[in-house]
Each structure stands twice: as structure tokens, then as C-alpha cells.
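Colleague: next input, structure requested:
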Amino acid sequence: MVWCCCQIMPKKEEILSGIKRFITPPIIIGAAIVIALLAMGIVFFTNNKPSDQTVEVVHDPAVTSVEAVGSVTAAKSIDLGFQRGGTISSISVDVSDHVVQGQMLASLSNADLVAAREGAKANLDAAEARLADLKNGTRSETVAAARLTVAQAIIGGYVTSDDAVHNKAAQFITNLGTPQQVLTFPMSDQQLSIDLVSSGIALESTLNSWKGDLPTGDTSSETDLVAQSSTARGYLLAVGNFLDMTAEALSDAVSTSNVSATTLVNFKTNIGVARSSVSGALAALNTAAGALSVDEAGASTDSIAAAQAAVDAAQAALDGTNAALAQTVIRSPISGIITRQDGNVGEVAAAGQAFLSLDSDARFEVKASVSEADIAKVAVGQPVSVRVDAYPDVTFAATVTAIDPAATISNGTPSYTVTVQFKDVDQRLKAGLTANLSIAIQ
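Modeller: Numbers count the residues shown, from 1 in each chain. Reported below is the predicted structural model:
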């Protein structure tokens, strides 16, 4: 019998299972811990590694706003009126009309001033021509022309005076120039009425005498035109005094069923034109006579200086008439919208009395009160969101443009006026709309 001594070996599966049971829990867990520690260390040293770069931390706080309520207004609003008083002759605009800068909006009756301007222009032309003649030297033909100018001025003065008396004044004075002369309207000043009758009778005789003294067409046969011009000057002054008296009577006139207020206004306008025409004729006669005197006496340094002074005076008279005419017209100083029109054609407007209002086309703005607690948060240039009650679903962009430096006290509470201007011109915006402001602050 043979005996064998051998060791019984475990199976392979059993060996592997035992090894797994032995090494898995401690080794795997430990490895995991080591790996985690290494990762943490890498992160720590990486984040704390010195660097030359600066990292900017940006804060994004929530945007807040200051709320306020105001009213939409035009950036510029202007009241317009005439610079002188008178009767309104035309109004060319209505409320809500859009006008442009320089457009005529209204005018006064100014026929008398227009006539005066034409006379002033004629006087200036004559004075300038006279000065030019003197500088060029007086010639025989120049003297002849000057004599003709004087004769024409005398005749023109008579024609102007005759028209003023027998056409314009005779419209409201019956039997003019006779003892039966009477006004077609009642007056409260009886003495003025008596004086007017006496003046009319005397003036009729004056005009008849003047007509007989008029120069002939051949001025060379006239012995002394300068003397005749002096006599004609006296006639013109007499006519002017009579017209001044009629203007005073018209200012005292009372309208009746036979003579309406409109008719009286027309009488006043006609007499105003007549007075200006006679005044212009007198100025033309003075200029012509002065020029003839200089021509006949011969040019000198003094005469040239006098002629220059006459030119300056004529220019000043024309400038004054143009300035007076400009005061009878209202022109729009800016482009915008008419917001008020209170006058009517035929009404008498007083100087400086505003009856037109104009809002400019400039951007609209809002003025609102901000409390003392919030005013420190508001600054010029901050953006503003605006909502108006008329368009609740629309937000208009605006900007803070001004902040009043002084507080306004209302019921013991201080507040500050903040001006906000819309960024864009928008036809939906109108003056007077209630505006709710949201001023963005950081």
C-alpha cells in the first residue's frame, strides 16, 4: 500500500473571492479619500496662486426710480399783441393752426401810414438827387429842373389839399365852406363844432386864393418860385390845421342810426390818409424849395452839408414810418401752434394787449415737484420714462434737464421743481396733458 501525502488546494474562485473581501473596503475608500484631498489641494493652491491680474467685481443692483406727476407744457409759449393801438383789419389764423416764423398773423388798419411811407420815400429820393447834383456841380439844366420840381410841388400840394377837403372831409360835412356847413353826426363838444364851421369857411377862401396863385407850366417865366413856395407852405399848414380839427371832431363823434360806428371808423381812416398826404406834400415842397434856393445861390461846402443833412432827415423819416408800419402787423416770432385767438376784425386793439398765444414747435417738457427726501437721487441727464393719461399704453422717453436750486414750500412741506424734456418731437403730445414721471436712478 502506498501512501501519498498531498495538500488539498482551494479552488481559484474561492481564492479570488477572499482577496476581494479582504482588500475592497479599505483600499477603495482610502483611495477615494486621497483623491478628494488631492483635488481640494489643487483647487486651493490654484485659487490662491499669486497673480498680477486684477479681477473687477461688478455689482448689478436693482434699478429704482423716483416717481412724480406733472403737466405737459410747451418749451416756449408766447403771448402776442400789437405794439400800437388801432382797428384790427385782418386776422389770418385760428386756434390750432400751425404757423412758421415770420408769418403774418394779424394787422391793423394802416392806410395813413402807407401813404406817409410813400411820401417819405419820395422825399428821400428828392434829397438824394439834390445832394448828388450839388456834388456834381450846379448846372443851368439842374437849376431848371429844380424850378420845375418846386412848381410841381406847389401844384401837387394844392391838388392834395383840394382832395383832402372836398373829397375826404366833405364826406361828413355838408355845405362845406359855407355858413350852412354842418356835421352829419352829433358831437358833445359844441365849441369844437363852431370852430370847425369857422375854419371850413376860411379854408374855402384859402383854397380859392391858392388856385389863383398856382404857377404856370412855363417855370422860366416865374419870377420867384421860392417866394411862391413859401406862400404855398402857408396854405398847406392851414389845410393841415383844418384836418387836425376834423380828426378831433371825429374822435368826439357819437354814432347814430344814420351814421354807424363802422362809418365813423371809415371817416377816421380817410381823414388819417388825408392828413398824411398833406404832410407829405408839405415835406416835398420844403425839400424842393430848399434845393432850388441852394441851386440858385450856387453850391458851397455848407450847402452840400445841408443837402446831406436833408438826406439824413429824409432817411430817418422813412425809417420812422417803416417802424410805425411794422407795429401795425403781428408776425410770428417762432414756428408753432396757435393756442389762443381772442380778437375780431373791426375791434379796436389797445397797444400791448395780447390776443394771440403761440406754443413753439420745440420739444415739450414737464415740470414736476419732487420731495425733499428724493431730490438727492435726481440729477440732470438722468433718463425718464413718461406716461400720459391720454395714451396709457405708450411710454415716452425723456431726460432731466433742470432742477430748481431753491425749494418750494407748500403746506409746510418743501419740494423741488424738476424739468424733464421729451427726447423726440411727437404729435401726440399736447400742452396740458397729465404726465406721470418715472426717473430712473441707480
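
Colleague: need the helices for this protein, in chain order.
Modeller: The residue ranges that make up the helices of the chain, judged by DSSP state H, are 12-47, 111-136, 140-163, 190-213, 225-251, 261-297, 301-326.

Colleague: find the nearest non-adjacent residue to residue 248, please.
Modeller: Among residues not flanking residue 248 along the chain, residue 192 sits closest, at 6.5 Å (C-beta to C-beta, 6 or more residues apart in numbering). Bear in mind the C-beta positions are built from the backbone N, C-alpha and C, glycine included.

Colleague: check contacts around that neighbour.
Modeller: For residue 192, the contacting residues are 245, 248, 249, 252, by C-beta atoms under 8 Å, 6 or more residues apart in numbering.

Colleague: which among these count as buried?
Modeller: In the contacts of residue 192, burial by neighbour count holds for 245, 249, counting by 16 or more other C-beta atoms under 10 Å.

Colleague: what's the farthest-apart pair in the contacts of residue 192?
Modeller: By the measure C-beta to C-beta, 245 and 252 form the most distant pair in the contacts of residue 192, at 10.9 Å.

Colleague: how about residue 322, what does it touch?
Modeller: Neighbour list for residue 322: residue 117 [criterion: C-beta under 8 Å, 6+ apart].

Colleague: state the distance from it to residue 83.
Modeller: Taking C-beta to C-beta, to the nearest Å as the criterion, residue 322 is separated from residue 83 by 13 Å.

Colleague: what would the helices of the chain look like in a markdown table with mean pLDDT?
Modeller: Formatted as a markdown table, the helices of the chain follow (pLDDT from 0 to 100):
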| stretch | mean pLDDT |
| --- | --- |
| helix 12-47 | 49 |
| helix 111-136 | 87 |
| helix 140-163 | 85 |
| helix 190-213 | 82 |
| helix 225-251 | 86 |
| helix 261-297 | 85 |
| helix 301-326 | 88 |
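
Colleague: point out the most buried one among those.
Modeller: For the helices of the chain, the largest average neighbour count (mean count of other C-beta atoms under 10 Å) is found in helix 261-297, namely a mean of 21.

Colleague: tell me the angle that one makes with helix 140-163.
Modeller: Direction vectors for helix 261-297 and helix 140-163, defined by axes from the mean of the first three to the mean of the last three C-alpha atoms, to 10 degrees, enclose an angle of 160 degrees.

Colleague: list the helices and strands helix 261-297 packs on?
Modeller: If you count contacts as 3 or more C-beta pairs under 8 Å, 6 or more residues apart in numbering; DSSP states H and E, helix 261-297 packs onto helix 111-136, helix 140-163, helix 225-251, helix 301-326.

Colleague: hey, C-alpha coordinates of the second one in CSV?
Modeller: Presented in CSV, the C-alpha positions along helix 140-163 are these (Å, rounded to 0.1, in the frame of the first residue of the first chain):
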residue,chain,number,x,y,z
SER,A,140,-28.2,175.5,-65.7
GLU,A,141,-30.2,172.5,-66.6
THR,A,142,-30.0,171.5,-62.9
VAL,A,143,-31.5,174.8,-61.8
ALA,A,144,-34.2,174.5,-64.4
ALA,A,145,-35.1,171.0,-63.1
ALA,A,146,-35.1,172.3,-59.6
ARG,A,147,-37.6,175.1,-60.6
LEU,A,148,-39.8,172.6,-62.3
THR,A,149,-39.7,170.4,-59.1
VAL,A,150,-40.8,173.4,-57.0
ALA,A,151,-43.6,174.2,-59.4
GLN,A,152,-44.8,170.6,-59.4
ALA,A,153,-44.6,170.5,-55.6
ILE,A,154,-46.8,173.7,-55.3
ILE,A,155,-49.4,172.3,-57.8
GLY,A,156,-49.3,168.9,-56.1
GLY,A,157,-49.8,170.5,-52.7
TYR,A,158,-52.9,172.2,-54.0
VAL,A,159,-54.3,169.1,-55.6
THR,A,160,-53.7,167.1,-52.4
SER,A,161,-55.3,169.8,-50.2
ASP,A,162,-58.3,170.1,-52.5
ASP,A,163,-58.8,166.3,-52.4
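
Colleague: name the surrounding residues that touch that helix.
Modeller: Counting by C-beta under 8 Å, 6+ apart, helix 140-163 makes contact with 126, 130, 133, 207, 210-211, 214-215, 219-220, 222, 225-226, 228-229, 232, 235-236, 239, 274, 277-278, 280-282, 284-285, 287-289, 291-292, 295-296, all of which sit outside it.

Colleague: next: stretch 396-407.
Modeller: With C-beta under 8 Å, 6+ apart as the test, stretch 396-407 has contacts from 365-366, 372, 375, 378-388, 414-424, 426, 429, 437, 439.

Colleague: select only the buried ones of those in ChimeraX?
Modeller: Under the burial definition 16+ other C-beta under 10 Å, those of these that qualify are selected in ChimeraX by:
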select :365,366,375,378,382,384,386,387,388,415,416,417,418,419,420,421,422,429,437,439
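
Colleague: returning to what we had before: distance check, the residue nearest to residue 248 against residue 246.
Modeller: Separation of residue 192 from residue 246 (C-beta to C-beta) stands at 10 Å.

Colleague: just residue 204 next, same as before
Modeller: For residue 204, the distance to residue 246 - C-beta to C-beta - is 14 Å.

Colleague: how about the helices and strands packed on helix 261-297, which one is nearest residue 93?
Modeller: Smallest distance to residue 93 across the helices and strands packed on helix 261-297 (C-beta to C-beta): 18.5 Å, for helix 301-326.

Colleague: now that closest one against helix 111-136, angle please.
Modeller: 160 degrees.
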